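Asks: Build the 3D model from these lines:
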Amino acid sequence: MRITDNADTLFHAMTMGVAPNATKAAKLATIAAECHFALSESGELHTSCTQADVPYYMARFIEAASQISQACDLWRPAPISKFEKIVSRALRSGFPKRVKRDFEIQGASGHELKFQFALDVGSTHPKIIQTVSAQDGTPHWLSVYSTLGKMVDLKNAAPQTRRLVILESANPQDLSKAASALAESASVLVFSTASQLINDINSLAA
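Replies: Sure thing, here's the model as predicted:
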């Protein structure tokens, strides 16, 4: 008796924006194996058993599919904030054909780091850019700390890169704290207008 999900579990995850790679595949294959199932290269969750063992393996199937779905949920891309969209439009307008979205690079820790934007990828001094939005006049502190960690990791791995964090305007005191925390690992700009942002980035490159 063959039990299979016909690759539906991973297909659903991919439709929700989860991008497959070797690391994720290995993690999911381990989950499947712990439930006595296999995960094929095409994403099929499957096993074979006798008719008498079907109830046991159906229970393990549900367990495996549930755990794989939970793991995939953690890899779903975060929704794009309004501020990120504003910065995206500004960069594409000011630097046509030079902007790359969702840029990935390996950090000193060995982890793959993903940044929202990169300019001049392939040059000797690419510019790696991350935004930090604000909510109710306060910087999103989880994003501040996450960005700080990624920028430090990138700085240690590729010091030649130009690292830039763009903060959404917020309460001046909180904005100053966020900028101070980020300043040792990246240049920090506070967004005011699209044209000012482009001028500021060009000034940093001068």
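Asks: Return the set of buried residues in the worst-scoring helix or strand of the chain on mean pLDDT.
Replies: Every helix and strand of the chain was ranked by mean pLDDT, DSSP states H and E. The lowest is helix 8-15, at a mean of 81. Across helix 8-15, burial judged by 16 or more other C-beta atoms under 10 Å covers Thr9, Leu10, Ala13. For the C-beta atoms, the positions are set from N, CA and C on the backbone; glycine is no exception.
Asks: which one is Ala178 nearest to, not counting chain neighbours?
Replies: Pro139 (4.3 Å; C-beta to C-beta, 6 or more residues apart in numbering).
Asks: Could you list the domains of the chain?
Replies: The chain breaks down by automatic domain parsing into domains covering 2-75, 82-205.
Asks: how long is the first one from one end to the other?
Replies: Length of domain 2-75, first residue to last, C-alpha to C-alpha, to the nearest Å: 29 Å.
Asks: any residues touching the top helix by length along the chain, and which ones?
Replies: Assignment by DSSP state H gives helix 54-75 as the longest helix of the chain. Helix 54-75 is touched from outside by 1, 3, 5, 9-10, 12-13, 16, 18-19, 24, 27-28, 31-32, 34-37, 39, 45, 47, 49, with contacts defined as C-beta atoms under 8 Å, 6 or more residues apart in numbering.
Asks: Now list the buried members of the residues you listed.
Replies: 3, 5, 9-10, 13, 18, 24, 28, 31-32, 35, 37, 39, 45, 47, 49.
Asks: Next, the buried residues of stretch 110-130.
Replies: Leu113, Phe115, Gln116, Phe117, Ala118, Leu119, Pro126, Lys127, Ile128, Ile129, Gln130.
Asks: Roughly how far does the residue located most distally from the centre of the chain sit from Val18?
Replies: Going by C-alpha atoms, centre = their mean, the residue of the chain most distant from its centre is Ala52, 44.4 Å out. Note on Ala52: its distance to Val18, by C-beta to C-beta, to the nearest Å, is 36 Å.
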